[in-house]
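When you get a sec, could you give me coordinates for this:
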Amino acid sequence: MNDSGFFPMQVGFYQEYEVDEIIYTAFNPPESLSYQLRVEITDKFENQAGGTTYVLYRSTRETDADPWQYAETWSVRVTNQFALVAEGNTTYARLGFPLRVNGSWNGNLFNDEGEDIYTLEQYGGSFDAGNGITFSDVVVINQNRESNLVFKDDRVEVYSFEKGLVFSEYSVWQYNCAGGMCSNQIINGRYKKMVLTDYGVE
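Numbers count the residues shown, from 1 in each chain. Below you'll find the model as predicted:
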């Protein structure tokens, strides 16, 4: 398999996801959200490095019966070393090439957010996304797996050959700590899970 096949880029390529999200804040009950997300490559242009940058439109809706509502524009590009996603003005290195088990790279290499080491945990085989959904020919990226009494930072992304990102799960929050004691009460943070439901080229 060609590693770039895990990050397909073609004008007209789209992905649709089911998204579940929980937002935690200190003085309000958790806010739970469930919606659908559509990501579509709508355009491309030559960038200053001589490569091609692709434009992503991201749209959301609550149910199948609702029209898609435009949310934001991102961009993506692939170099010999990285698959780069620009979320607004912040660029993340989502994949590091060549893809190999235990290979690692700094996901924040192209921004100023501080070092964040991603590690490729699995190359090939299948991934169980839950609810009877399984993806084949995957790479599993461990962005972080840290948990203690004070906080949790657990992030994973799964890419499937010719489908791109098929699954992500993000659990980042802080626990309530006072007087040297921490409880399991979450005072701020976010949980977010995305599962691919459809993809193709239009």
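
quick one: Val76 and Met9 touch, right?
Yes: between Val76 and Met9 there is a contact at 6.4 Å, judged by Cβ atoms under 8 Å. In short, each C-beta sits where N, CA and C put it, glycine included.

Give me the common contacts of the two.
41, 54 (Cβ atoms under 8 Å, 6 or more residues apart in numbering).

which of the two has more neighbours?
Ranked by neighbour count (other Cβ atoms under 10 Å), Val76 and Met9 place Val76 first, with 21 against 17.

Would you quantify the distance from the more buried one to Ser126?
Per Cβ to Cβ, to the nearest Å, Val76 is found 25 Å from Ser126.

OK, contacts around Leu165?
15, 94, 157-159, 194, 196.

With neighbour count, secondary structure and distance to Asn188 added, can I get the residues you listed in CSV?
Output for the contacts of Leu165, formatted as CSV (neighbours: other Cβ atoms under 10 Å; DSSP: H, G, I helix; E, B strand; the rest coil; distance: Cβ to Cβ, whole Å):
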residue, neighbour count, secondary structure, distance to Asn188
Gln15, 21, strand, 30
Arg94, 22, strand, 25
Glu157, 20, strand, 23
Val158, 24, strand, 27
Tyr159, 27, strand, 29
Met194, 22, strand, 21
Leu196, 22, strand, 29
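
Now render those residues as CSV, adding pLDDT.
Shown next, in CSV, are the contacts of Leu165 (pLDDT from 0 to 100):
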residue, pLDDT
Gln15, 98
Arg94, 97
Glu157, 98
Val158, 98
Tyr159, 98
Met194, 98
Leu196, 98
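
from the residues you listed, which is closest to Glu62?
Met194 (15.4 Å; Cβ to Cβ).

for stretch 5-13, the distance to its chain's centre please.
Distance of stretch 5-13 from its chain centroid, counting by Cα atoms, centre = their mean, to the nearest Å, is 15 Å.

what's the average pLDDT for it?
Averaging pLDDT along stretch 5-13 yields 96.

which outside residues touch that stretch?
Contacts of stretch 5-13 (Cβ under 8 Å, 6+ apart): 40-44, 52, 54, 76, 78, 83, 94-95, 99, 139, 159-164, 199-202.

What residues sit buried inside it?
Buried residues in stretch 5-13, counted by 16 or more other Cβ atoms under 10 Å: 6-9, 13.
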